[in-house]
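# Generate a structure from the sequence data that follows.
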Amino acid sequence: MILITGATGNVGRHVLDLLVETGCAVRALTRDPQRVMWPAEVDIVAGDLADAASLGPALDGVDAVFLFAVPGSGPGFVTAARQAGVRKVVLLSSGAVDDDAEVQDGPIASYHAEIEQALRASELEWTFLRPDVFAANTLMWTGQTKSGDVVRGAYAEAAAAPVHEIDIAAVAVAALTQDGHAGRVYELTGPESLTHAEQAQIIGEVLGRPIRFADLPPESVRQAMSAHVPAPVLDGIFRVWSASVGRTAPTTTGVEDVTGRPARSYRQWVVDHAAAF
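Numbering: from 1, shown residues only. I've put the predicted structure just below:
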């Protein structure tokens with residue numbers, strides 16, 4: 001039995017679907033089992049990673065876990081997993097984690113690193129997936145593309161190598177179902193460096209109409225985003241955007257190394273999500 005946590009998330013839902021397609025016995029952990037229509041093949045268990053005491057039924061009979069990173073959940077999860085006899089854990093971590101840093105740069109890197117450390121200190125077989133920038137981040141532009149042909153934001157020339165969430169899921173499924181991934185850290189990116197402006201242009205090309213990125217003062221964009229993004233997280237986002245201007249974003253072969261297939265392009269991601277734009 002494989003347990004999927006974060007099963008309604010961008011990556012977790014694809015992990016669940018891919019495992020069902022391969023015929024694996026799959027269980028999903030969710031705080032609200034009634035909120036989603038689940039595939040008939042999936043065993044649904046109520047629970048919360050933030051409440052380790054609730055994990056016993058979810059982990060009963062489980063051999064491997066796809067672990068979504070919930071801040072502060074590492075030690076409690078490790079204890080519950082060991083008590084249940086879990087063998088393997090594949091953690092959806094973050095490309096922000098820096099193994100060489102004494103102190104991680106920002107809250108996202110910090111809480112992912114804390115969970116990694118809890119797993120490293122355990123007797124579980126762990127694999128860490130560290131995706132960099134998610135292609136799905138550009139879904140924040142859908143309101144603008146639906147109402148016009150201009151995406152307004154900060155740092156038009158900020159570069160990233162956006163990774164398709166289904167590629168992350170494919171790596172996770174390989175690590176969950178195959179041997180040889182224990183103790184491995186996979187840095188995952190898309191295949192090419194693209195600026196915000198280039199991403200907007202690609203969206204327009206897929207939709208069949210010109211879409212351009214209009215650069216706004218960073219502080220005005222930050223103020224707008226502050227309504228729904230915590231200040232420490234915003235600090236990290238804007239620091240990364242600013243630092244990437246004028247640079248080519250690094251790419252990795254992590255997806256291909258594990259799956260045997262090159263990472264999907266950002267253009268393919270837009271094709272897959274065109275209806276959202």
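
# so where do the helices sit in the stretch 101-250 of the chain?
In the stretch 101-250 of the chain, the helices defined using DSSP state H, counting those that start in this stretch lie at 107-120, 142-147, 165-177, 196-207, 218-225, 231-244.

# so which of these is the most packed in?
Among the helices of the stretch 101-250 of the chain, helix 165-177 has the highest mean neighbour count (mean count of other CB atoms under 10 Å), at a mean of 23. Backbone N, C-alpha and C define where each C-beta goes, glycine included.

# Residue 14: helix or strand, and which one exactly?
helix 12-21 (DSSP states H and E).

# just checking, what packs against the helix or strand just after that helix?
Heading C-terminal from helix 12-21, the first helix or strand you meet, by DSSP H and E, is strand 26-30. Secondary-structure packing of strand 26-30 (3 or more CB pairs under 8 Å, 6 or more residues apart in numbering; DSSP states H and E): strand 2-4, helix 12-21, strand 42-46.

# Which element, helix or strand, includes the closest residue to residue 136 other than its chain neighbours?
Nearest residue to residue 136, sequence neighbours excluded (CB to CB, 6 or more residues apart in numbering): residue 10, at 5.1 Å. Residue 10 is part of no helix or strand when elements are defined by DSSP H and E.

# My guess is residue 10 contacts residue 131. True?
No - counting by CB atoms under 8 Å, residue 10 stays clear of residue 131, with 10.0 Å between them.

# Those two: who's more crowded?
residue 131 (28 against 19; other CB atoms under 10 Å).

# The more buried one contacts residue 168, doesn't it?
Yes - applying CB under 8 Å, one finds residue 131 in contact with residue 168, separated by 5.1 Å.

# Give me the common contacts of these two.
11, 92, 188 (CB atoms under 8 Å, 6 or more residues apart in numbering).

# Which single one of those residues is nearest to residue 51?
residue 92 (19.4 Å; CB to CB).

# one step back: okay, the helices of the stretch 101-250 of the chain in CSV with mean pLDDT next?
Output for those, formatted as CSV (pLDDT from 0 to 100):
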stretch, mean pLDDT
helix 107-120, 93
helix 142-147, 95
helix 165-177, 97
helix 196-207, 97
helix 218-225, 90
helix 231-244, 89
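
# So which of those is nearest residue 17?
The minimum distance between residue 17 and the helices of the stretch 101-250 of the chain falls on helix 165-177, with 8.0 Å, by CB to CB.

# Residues touching the closest one, excluding its own?
Contacts for helix 165-177 (CB under 8 Å, 6+ apart): 2, 10-12, 14-15, 18-19, 22, 24, 64, 66, 88, 90, 92, 127, 129, 131, 134-136, 181, 184, 186, 188, 190, 254-255, 258-259, 261, 263-264, 272.

# do stretch 26-38 as well
1-5, 7-8, 16, 19-20, 41-49, 55, 58, 62.

# now the end-to-end length of it.
Stretch 26-38 has an end-to-end distance of 11 Å (CA to CA, to the nearest Å).

# before we move on, the earlier item: buried residues in the helix holding residue 14, which are they?
Residues of helix 12-21 classed as buried: 12-20 (neighbour count, 16 or more other CB atoms under 10 Å).

# Tell me what angle it forms with strand 26-30.
160 degrees (axes from the mean of the first three to the mean of the last three CA atoms, to 10 degrees).

# ok now helix 12-21, how far from the chain's centre?
Its chain's C-alpha centre and that of helix 12-21 lie 14 Å apart, by CA atoms, centre = their mean, to the nearest Å.

# now swap in stretch 175-191 and tell me
14 Å.

# Can you give me the first-to-last residue distance of that stretch?
21 Å.
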